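Trainee: Any chance you can model this:
(one chain, ligands or ions: 1)
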Amino acid sequence: MNLLEVDGVCVEEAGKTILQRISFKQQEFQKIAVAGETGSGKSTLLKVVAGLAQPSEGSVVFDGEKVIGPVDKLVPGHPGIAYLSQHFELPHSLRVEQVLRYANALSAEEAGFLYEICRVEHLLDRKTNQLSGGERQRIALARMLSTAPRLLLLDEPYSNLDTAHKNILKSVIRDISDELEITCTLISHDPHDTLSWADELLVLQEGRLVQQGTPQQIYRHPANMYTAALFGSYNLLSTAGTAALAALHNLHPNGKSVLVRPEKVKLETNGNKALAGKVKSIGYFGSFYELEVQLPDDLVKVRLAEPRHQPCDPVHISVAQEDMWFM
Ligand SMILES: Nc1ncnc2c1ncn2[C@@H]1O[C@H](COP(=O)(O)OP(=O)(O)OP(=O)(O)O)[C@@H](O)[C@H]1O
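Mentor: Purely as a prediction, here's the structure:
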């Protein structure tokens, strides 16, 4: 069942087009992540979904009912949809327990479970000015969820969090979906946050939805270089380099260039079905090394767990046919 149907949404502000005919559907419990460069319209899209920004065209239907924009509604927003902004605020110098009590539409038992899920039970006696950024965010989330929404929209929840708080929040967000059975949509700049979490990704570029698909589809088969770059490092070979690599598999590029992710380039011990090159540099990135290999026409990035090479070493590279994407 579709919980949400966004159909042809356009937004214009001060004569500027911010969103252009965005359409997508979200099923109940489906996890959707929205990716895109800064200013591509991600926050505006979520605000339109929440009824907090006015579309100039198009509609948002939530659970069979049209979401009314702020121009036509005195108190903006929809009771079934919660939007956690990047710039949320908590009341100053109140006890956390008071902050949460004011918003609460749940029984004591349900509220206790929610606080446990949000990892805030130990903070209830603190004042709001005695919390870290990560703790403040989880309180804001608990406050929002205590109104019992069915759809939660999270706008860059991981920005400004250190790794420890980010990992706690990731567990919280997972439990919100799994334990509280709330459907979630999330915006994040970081591919690590979206690829591993989402069932479906929406990619926005200058207000347009340029690609929609599973994380695997989008990572392996990006629609354009903008999308390829959003989700990680890549090699795009020149016409000559593409022809040489394609010829190893008897493929015809038909004027397209081949895109290969660095972890899909293999170093071979001989030149059988491989291209000859020379190691130019080796960089250490903690969980992997990245080599730059100079081919006749291209400098190719290769990711390895433990390289046994030195700069200037002659090497051969190969790429499996299924790891080549022509675009
Ligand atoms: N109320 C407004 N009036 C005029 N322009 C706006 C308004 N809200 C957003 N914009 C512009 O619309 C564009 C999209 O903004 P939006 O915040 O939706 O992008 P974003 O992808 O969420 O960016 P970020 O990742 O930086 O948060 C930007 O150019 C922004 O300046």
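Trainee: Give me the pLDDT value at Pro222.
Mentor: Looking at Pro222, its pLDDT stands at 97.
Trainee: what does the one 4 residues further on give?
Mentor: At Tyr226 the predicted local distance difference test score is 96.
Trainee: any weak-confidence spans in the stretch 151-300 of the chain?
Mentor: Within the stretch 151-300 of the chain, no stretch has pLDDT under 70.
Trainee: which residues in it form strands?
Mentor: Per DSSP state E, counting those that start in this stretch, the stretch 151-300 of the chain carries strands over the ranges 151-155, 183-187, 200-205, 208-213, 235-236, 258-260, 265-268, 275-284, 289-294, 299-304.
Trainee: Of these, give the one that comes closest to Thr128.
Mentor: When those are compared by Cβ to Cβ, strand 151-155 sits nearest Thr128, at 20.3 Å. Any C-beta I mention is one placed from the backbone N, CA and C, and that applies to glycine too.
Trainee: tell me the angle that closest one makes with strand 183-187.
Mentor: 10 degrees (axes from the mean of the first three to the mean of the last three Cα atoms, to 10 degrees).
Trainee: Paired strands for strand 151-155, with orientation please.
Mentor: Strand 151-155 has its sheet partners listed here by DSSP bridges as strand 81-84 (parallel), strand 183-187 (parallel).
Trainee: Next, the angle strand 200-205 makes with the last one.
Mentor: For strand 183-187 against strand 200-205, the angle between stretch directions is 30 degrees (the same axes, to 10 degrees).
Trainee: Show me what from this structure comes close to the ligand.
Mentor: For the chain, the residues in contact with the ligand (Cβ under 6 Å from any ligand atom) are 13-14, 18, 36, 38-44.
Trainee: Include neighbour count, secondary structure and pLDDT when you put those into CSV, please.
Mentor: Below are the residues of the chain next to the ligand laid out as CSV (neighbours: other Cβ atoms under 10 Å; DSSP: H, G, I helix; E, B strand; the rest coil; pLDDT from 0 to 100):
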residue, neighbour count, secondary structure, pLDDT
Glu13, 12, strand, 91
Ala14, 5, coil, 89
Ile18, 21, strand, 97
Gly36, 23, strand, 96
Thr38, 7, coil, 94
Gly39, 12, coil, 94
Ser40, 22, coil, 96
Gly41, 24, coil, 96
Lys42, 24, helix, 96
Ser43, 22, helix, 96
Thr44, 21, helix, 97
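Trainee: any idea how far Glu287 is from Ser281?
Mentor: Wrong residue type there; residue 287 is Ser, not Glu. Between Ser287 and Ser281 the computed distance is 18 Å (Cβ to Cβ, to the nearest Å).
Trainee: between these two, who's got more neighbours?
Mentor: Between Ser287 and Ser281, Ser281 has the larger neighbour count (other Cβ atoms under 10 Å), namely 12 against 7.
Trainee: Next one: the residue nearest to the more buried one when sequence neighbours are not counted relative to the ligand, how far apart?
Mentor: Of all residues not flanking Ser281 in the chain, Glu292 sits nearest, at 4.6 Å (Cβ to Cβ, 6 or more residues apart in numbering). Separation of Glu292 from the ligand (Cβ to the nearest ligand atom, to the nearest Å): 30 Å.
Trainee: got the contact list for Glu292?
Mentor: Contacts for Glu292 (Cβ atoms under 8 Å, 6 or more residues apart in numbering) come out as 279-283, 299-302.
Trainee: Now flag whichever of these is closest to the ligand.
Mentor: Taking Cβ to the nearest ligand atom as the measure, the ligand sits nearest to Lys301 out of the contacts of Glu292, at 26.4 Å.
Trainee: Bridged to that closest one, which residues?
Mentor: Beta-bridge partners, per DSSP bridges, of Lys301: Glu292.
Trainee: State the pLDDT value of it.
Mentor: Reported pLDDT for Lys301: 98.
Trainee: residue contacts, it?
Mentor: So Lys301 contacts 233, 235, 262, 265, 290-293 (Cβ under 8 Å, 6+ apart).
Trainee: Could you give me the ChimeraX syntax to select whichever of these are buried?
Mentor: Selection of the buried residues among the contacts of Lys301 in ChimeraX, burial being defined by 16 or more other Cβ atoms under 10 Å:
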select :235,262,265,290,291,292,293
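Trainee: ok, back up a step: of all the residues of the chain next to the ligand, which two lie farthest apart?
Mentor: Across the residues of the chain next to the ligand, the longest distance by Cβ to Cβ is 20.6 Å; it joins Ala14 and Gly36.
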